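Novice: predicted model follows, preceded by the sequence.
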Amino acid sequence: MPGYREMFDASIDDPCAFWARAAEAVTWTRAPRRILDDSNPPFYRWFPDGELNTCANALDRHVDGGRGDQAALIYDSPLTGTKRTYTYRQLLDETARFAGVLRGLGVEKGDRVVVYLPMVPEALIAMLACARLGAVHSVVFGGFAAHELAARIDDARPAVLVTASCGIEPTRIVDYKMIVDGALHLADHDTPACVVLQREQHPCHLTPGRDVSWTEAMADAEPVDPVPVAATDPLYVLYTSGTTGKPKGIVRDNGGHAVALLWTMKHIYDTEPGDVYWAASDVGWVVGHSYIVYGPLLLGATTVLYEGKPVGTPDAGAFWRVAAEHGVKALFSAPTAVRAIKKVDPDGALLADYDLSALKYLFQAGERLDPSTYHWAAEKLGIPVVDHWWQTETGWSIAAAPMGVEAMAVKPGSATVPMPGYDVRVLRPDGTECDPGEEGSICVKLPLPPGTLPTLWGDDERYVASYLSAFPGYYLSGDGGYLDEDGYLFVMGRTDDVINVAGHRLSTGSIEAVLATHPAVAECAVIGAADELKGQVPRGFVVLKSGASADGLVDELVLAVRENIGAVAALKRVDVVAALPKTRSGKILRKTMRGIADGREEPVPSTIEDAGVLDALAPILRS
């Protein structure tokens, strides 16, 4: 196999030849003869004349190829005391029959299905069943509140919603059915049918005429065959935060997605068919889509689905227990998880309880892997700890260390080097390229490689405005950083007002919108402040209306954010202040506030309206 540099150069010099070779790993119902349609920039399309079915590539072909009795999915739930293994044959049977359930409810090719499920096997089955029908799934993280779910229902306009009676947390039961009922009440779109998985921990009442029991529907369901779709047809829509507060529906196509993820499993993650791969994420996030569900199954590996936490279920050895018990070769988590383990078990004493000889790699993403966390994990585990950087929009790594190609030197704090197809440039505001070591906006020269977003759901204009207009000919990542003299990429943080809380991107604008609805609040600002455990946490600042009382206000605001956005927002601190620092044009100086809160010496902007306001606020920001 060629080394990294030769491989990367080939992808940039002749991308069509490079990705045509990668596409040979996919089973097509009609193999593509054309690799890239670049006739309508910036709307590029990969494999435009190809045809396939993603579910058939993830399941059927492995059963047909002799892997039917191999473990496809290992479900491990310390929250319920449940462990279950599905072979490829069993998972195919369940998926084909649930596709029959959906078809019986009227779901056809191109229809949307919203999936609001906890970390249970039925979540994967529902996603794969949609893919089998050529329907488009949109998975919504189970921690989101009714308002957020309603916004996604109205944008996706699903034919069916799939949910469960409850989700389970270490200290509480989350009533999913109540949230779904609330969302459907708030939504303008009328979802005609809901399939409900009853969980014994908290069964729910089914709404007559709308709700269907998963178990009862599956009892007499007829399996359906996979429906071929165009490579450019959408596989899923996954919503991510937008700075306007309205979620953006990231579209993932079928063909490019399959090609790219298959390529990454071997080349980045050094994983082969039959290996056990564990992404300790959630199916509600892009990591769960790419590397709990599709990547491992497209390859023919065994994927682990974990319903638990890194600590507290039951202790800080939970990850090591799962990895040892199931023979995990590659573990993928967010740095937040490692920091949580480190906080509870700083000496790594619990590692001694488990045989981790099968574990070869720890991959980290979702937020920047800080050097101290990197050194702790590398020292305690004694294996490569690989930081890599990607986004919901890209679906796979923009920068990484390709462990299946060559073991590259690690630079703590760096996501290593750009992956094939990603022509990464760091740009100054005027569009010129930064020198090595000089920070700027991290961008990727178009076209983006296969597997990345071709547009936003139903909104080409917003796609261009959000990602392609700042620097024509380039994709704007929204992150800032620099390339060093060796071509290593250092990602330093967001350049907009979207914050990253434990790997979850949240709009500060949406949190501000909730705070602003309180009758006592005149104006407000939310910033992302650095946090040792979560990477960033939101901090709120409110100015009261004249005569309004602050008694009990903070608790009310925190509760309002939890109810409207969800506990994932992690807002715990709100300060009542006399005024907010602004420019003369009225823009709140959030970036300056964030810098002070993070302990940096921030110059006072020349455009500030009243420097005294910032001086008065600074001690609060630093506290």
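Specialist: Okay, I see it.
Novice: and the gap between residue 56 and residue 90?
Specialist: Applying CB to CB, to the nearest Å, one obtains 16 Å for the distance of residue 56 from residue 90. For every residue, glycine as well, the C-beta is placed using N, CA and C.
Novice: quick one: which of those two has more around it?
Specialist: residue 56 (22 against 18; other CB atoms under 10 Å).
Novice: tell me which residue of this structure is furthest from the middle?
Specialist: Seen from the C-alpha centroid of the chain, the residue lying at the greatest distance (CA atoms, centre = their mean) is residue 547, 43.1 Å away.
Novice: so that residue: helix, strand or coil?
Specialist: Secondary structure, DSSP: H, G, I helix; E, B strand; the rest coil: residue 547 is coil.
Novice: which positions in stretch 326-345 come out as buried?
Specialist: Of the residues in stretch 326-345, 326-342, 345 count as buried by neighbour count, 16 or more other CB atoms under 10 Å.
Novice: do stretch 352-365 as well
Specialist: For stretch 352-365, by 16+ other CB under 10 Å, it's 354, 356, 359-365.
Novice: turn these into JSON lines, columns for secondary structure, distance to residue 34 and pLDDT.
Specialist: What follows is the buried residues of stretch 352-365, written out as JSON lines (DSSP: H, G, I helix; E, B strand; the rest coil; distance: CB to CB, whole Å; pLDDT from 0 to 100):
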{"residue": "354", "secondary structure": "coil", "distance to residue 34": "50", "pLDDT": "98"}
{"residue": "356", "secondary structure": "coil", "distance to residue 34": "46", "pLDDT": "98"}
{"residue": "359", "secondary structure": "coil", "distance to residue 34": "42", "pLDDT": "98"}
{"residue": "360", "secondary structure": "coil", "distance to residue 34": "38", "pLDDT": "98"}
{"residue": "361", "secondary structure": "strand", "distance to residue 34": "36", "pLDDT": "98"}
{"residue": "362", "secondary structure": "strand", "distance to residue 34": "39", "pLDDT": "98"}
{"residue": "363", "secondary structure": "strand", "distance to residue 34": "34", "pLDDT": "97"}
{"residue": "364", "secondary structure": "strand", "distance to residue 34": "37", "pLDDT": "95"}
{"residue": "365", "secondary structure": "coil", "distance to residue 34": "32", "pLDDT": "92"}
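Novice: can I get the residues you listed in a markdown table including distance to residue 587?
Specialist: Shown next, in a markdown table, are those (distance: CB to CB, whole Å):
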| residue | distance to residue 587 |
| --- | --- |
| 354 | 52 |
| 356 | 51 |
| 359 | 49 |
| 360 | 49 |
| 361 | 44 |
| 362 | 41 |
| 363 | 39 |
| 364 | 35 |
| 365 | 32 |
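Novice: just name the closest of those residues to residue 79, please.
Specialist: Among these, residue 354 lies closest to residue 79 (CB to CB), at 19.7 Å.
Novice: helix or strand: which one has the closest residue to that closest one other than its chain neighbours?
Specialist: The shortest distance from residue 354 to any non-neighbouring residue, by CB to CB, 6 or more residues apart in numbering, is to residue 324 (3.8 Å). Counting by DSSP states H and E, the element that carries residue 324 is helix 318-326.
Novice: do the same with residue 216
Specialist: According to DSSP H and E, residue 216 maps onto helix 214-219.
Novice: what lies in contact with the helix or strand just after that helix?
Specialist: As assigned by DSSP H and E, the chain's next helix or strand after helix 214-219 is strand 229-230. By CB atoms under 8 Å, 6 or more residues apart in numbering, the list of residues contacting strand 229-230 from outside reads 48, 50-53, 109, 134, 254-255.
Novice: please work out the average pLDDT along strand 229-230.
Specialist: Across strand 229-230, pLDDT averages out at 98.
Novice: ditto for stretch 176-196
Specialist: For stretch 176-196, mean pLDDT rounds to 95.
Novice: which parts of that stretch are buried?
Specialist: By neighbour count with 16+ other CB under 10 Å, stretch 176-196 contains the buried residues 176-177, 179-184, 187, 191, 193-196.
Novice: got it, and stretch 399-418?
Specialist: 399-405, 408, 410-411, 413-418.
Novice: of those residues, which belong to helices?
Specialist: With DSSP state H as the criterion, helices contain none of these.
Novice: and which of the residues you listed is nearest residue 619?
Specialist: Looking across the buried residues of stretch 399-418 and measuring by CB to CB, the closest to residue 619 is residue 413, at 29.9 Å.
Novice: quick one: the closest one from residue 443, how far?
Specialist: Separation of residue 413 from residue 443 (CB to CB): 20 Å.
Novice: please apply the same query to residue 119.
Specialist: From residue 119 to residue 443 the distance is 35 Å (CB to CB).
Novice: elements contacting the helix or strand of the chain with the lowest mean pLDDT?
Specialist: The least trusted helix or strand in the chain, going by mean pLDDT, DSSP states H and E, turns out to be strand 504-507, with a mean of 72. Packing partners of strand 504-507 (3 or more CB pairs under 8 Å, 6 or more residues apart in numbering; DSSP states H and E): strand 498-501.
Novice: pLDDT averaged over the strand it packs on - what is it?
Specialist: For strand 498-501, mean pLDDT rounds to 74.
Novice: domain parsing for the chain?
Specialist: Listed domain ranges for the chain are 88-227, 502-622 (source: automatic domain parsing).
Novice: centre of the chain versus the first one, how much separation?
Specialist: Yep, that's domain 88-227 we're talking about. 19 Å (CA atoms, centre = their mean, to the nearest Å).
Novice: kindly export stretch 27-40 (C-alpha atoms) in PDB.
Specialist: What follows is stretch 27-40, C-alpha atoms only, in PDB (Å, rounded to 0.1, in the frame of the first residue of the first chain):
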ATOM      1  CA  THR A  27     -21.600  -3.600  -4.300                       C
ATOM      2  CA  TRP A  28     -23.500  -1.600  -6.900                       C
ATOM      3  CA  THR A  29     -26.700  -2.600  -8.700                       C
ATOM      4  CA  ARG A  30     -25.400  -0.400 -11.400                       C
ATOM      5  CA  ALA A  31     -21.700   0.500 -11.200                       C
ATOM      6  CA  PRO A  32     -20.900   4.200 -11.900                       C
ATOM      7  CA  ARG A  33     -19.200   5.000 -15.100                       C
ATOM      8  CA  ARG A  34     -19.000   8.700 -14.200                       C
ATOM      9  CA  ILE A  35     -17.200   9.500 -11.000                       C
ATOM     10  CA  LEU A  36     -17.800  13.200 -10.500                       C
ATOM     11  CA  ASP A  37     -20.400  15.500 -11.900                       C
ATOM     12  CA  ASP A  38     -18.900  19.000 -11.700                       C
ATOM     13  CA  SER A  39     -21.200  20.600 -14.300                       C
ATOM     14  CA  ASN A  40     -23.000  22.700 -11.700                       C
END
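Novice: and the contacts of the one helix or strand residue 92 maps to?
Specialist: Following DSSP H and E, one finds residue 92 within helix 88-104. With contact meaning CB under 8 Å, 6+ apart, helix 88-104 is reached by 55, 59-60, 62-63, 67-73, 86, 113, 121-122, 124-126, 128-130, 132-133, 135, 160, 195, 212, 214, 217-218, 221-225, 300.
Novice: buried among the residues you listed? Need that as a selection in PyMOL.
Specialist: The buried residues among the contacts of helix 88-104 can be selected in PyMOL (16+ other CB under 10 Å) with this line:
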select buried, resi 55+59+60+62+63+67+68+70+71+72+73+86+113+121+122+124+125+126+128+129+130+132+133+135+160+195+212+214+217+218+221+224+300
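Novice: from the contacts of helix 88-104, which land in strands?
Specialist: Counting by DSSP state E, the contacts of helix 88-104 place 71-73, 86, 113, 160, 195, 212 in strands.
Novice: same list (these) but as a markdown table, adding distance to residue 491.
Specialist: Listed next are the ones in strands among the contacts of helix 88-104 as a markdown table, based on distance: CB to CB, whole Å:
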| residue | distance to residue 491 |
| --- | --- |
| 71 | 35 |
| 72 | 34 |
| 73 | 32 |
| 86 | 36 |
| 113 | 34 |
| 160 | 38 |
| 195 | 40 |
| 212 | 44 |
